[in-house]
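Q: Just the structure for this:
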Amino acid sequence: MTYPEDSETGTSPAPGSANQVSVLVDRARAGDRNAFEELIVLYQREVFRLAFFRTRSRMDSEDLVQDIFLAAFRYLPQLKDSDKFRPWLYRIALNRVRDFHRKKKFLTFFGISDSQTEADQADVAPHLNPSALDRVIRDEFWDHVKQLSKRFSPMEREVFFLRFVDNFNLREIAEVLKKSESAVKTHLYRAIKKFRDDSAMVDFLEGEGHGEKDGRPS
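A: I've put the predicted structure just below:
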């Protein structure tokens, strides 16, 4: 099974109407495996994107996606409101990604971490051909964002990524993180201010960060 990165648009198609999702969730919660498989089809693309952006590894992301959906299937009977499936699923996904990073830090501390394989790194890197220029610039932009996000608090980082990478609105972010909308707005405001105040990011957005001269790539 493959999990497209949506590299051309940076977004996922809408996973289906709220009513359609609720019906599938109700059926899956009653033990209908086919309904749950339909939910996987609807959400695997955006769950993969969440994992891939936070790990930058296709192999790790594919493993995480499988783990996330296994956990979702296991705990689905505990979901009381079918309309809350998407933020509930994202909460599981974020927890699994955090667990992944904790495990990786632990393994690194003891000197037994396996770094990305060359094949995995090659899969992340853009193919350098003329038509890939936008992809190169986009990857460079997100590299800037990831570096800048190190200055964010953990909550600012999560709110910023959920809003601008995962395309959640404020209400959905509040549901995923179990915070009030006012708290989410505060963290988002602080993150955006740091984003706007970062001189390296400003230079990049003004065209100085990716080698453009006289309107041509160098």
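Q: In this structure residue 93 contacts residue 50, no?
A: Yes. Assessed by CB atoms under 8 Å, residue 93 is found in contact with residue 50 at 5.4 Å. From N, CA and C alone the C-beta is placed, and that goes for glycine too.
Q: which helices and strands sit right next to the longest helix along the chain?
A: Taking DSSP state H as the criterion, the chain has its longest helix at helix 85-109. Helix 85-109 sits against helix 18-29, helix 33-55, helix 58-75, helix 170-177, with contacts defined as 3 or more CB pairs under 8 Å, 6 or more residues apart in numbering; DSSP states H and E.
Q: ok, and what's touching it?
A: 15, 21-22, 25, 39, 43, 47, 50-51, 54-55, 60, 64, 67-68, 71-72, 75, 79, 113-114, 158, 162, 166, 168, 172, 175-178 (CB atoms under 8 Å, 6 or more residues apart in numbering).
Q: wait, what's in contact with residue 25?
A: For residue 25, the contact set (CB under 8 Å, 6+ apart) comprises 35, 39, 76, 79, 82, 85.
Q: quick one: which two of these are the most distant?
A: In the contacts of residue 25, the most distant members under the criterion CB to CB are 35 and 79, with 13.4 Å between them.
Q: List only buried entries from the contacts of helix 85-109.
A: 15, 21-22, 25, 39, 43, 47, 50-51, 54-55, 60, 64, 67-68, 72, 79, 158, 162, 166, 168, 172, 175-177 (16 or more other CB atoms under 10 Å).
Q: residues near residue 28, how many?
A: 24 (other CB atoms under 10 Å).
Q: Use 42 as the first number for this chain going forward.
A: Taking 42 as the first residue, the last one we looked at is residue 69.
Q: Next one: it from residue 141, what distance?
A: 25 Å (CB to CB, to the nearest Å).
Q: Same check on residue 232?
A: Residue 232 is 23 Å from residue 141, by CB to CB.
Q: Next: residue 127.
A: Counting by CB to CB, the separation of residue 127 from residue 141 is 21 Å.
Q: Residue 59 too?
A: Taken as CB to CB, the span from residue 59 to residue 141 is 30 Å.
Q: Give me the more crowded residue out of the two.
A: residue 141 (19 against 12).
Q: measure that one to residue 104 for me?
A: 8 Å.
Q: And residue 201, by the same measure?
A: For residue 201 relative to residue 104 (CB to CB), the value is 25 Å.
Q: out of the two, which sits in the busier spot?
A: Comparing residue 201 with residue 104 by neighbour count (other CB under 10 Å), the higher total belongs to residue 201, at 22 against 15.
Q: Where does the more buried one sit, in terms of helix or strand?
A: helix 195-205 (DSSP states H and E).
Q: elements contacting that helix?
A: Using 3+ CB pairs under 8 Å, 6+ apart, helix 195-205 sits against helix 174-190, helix 211-218, helix 222-238.
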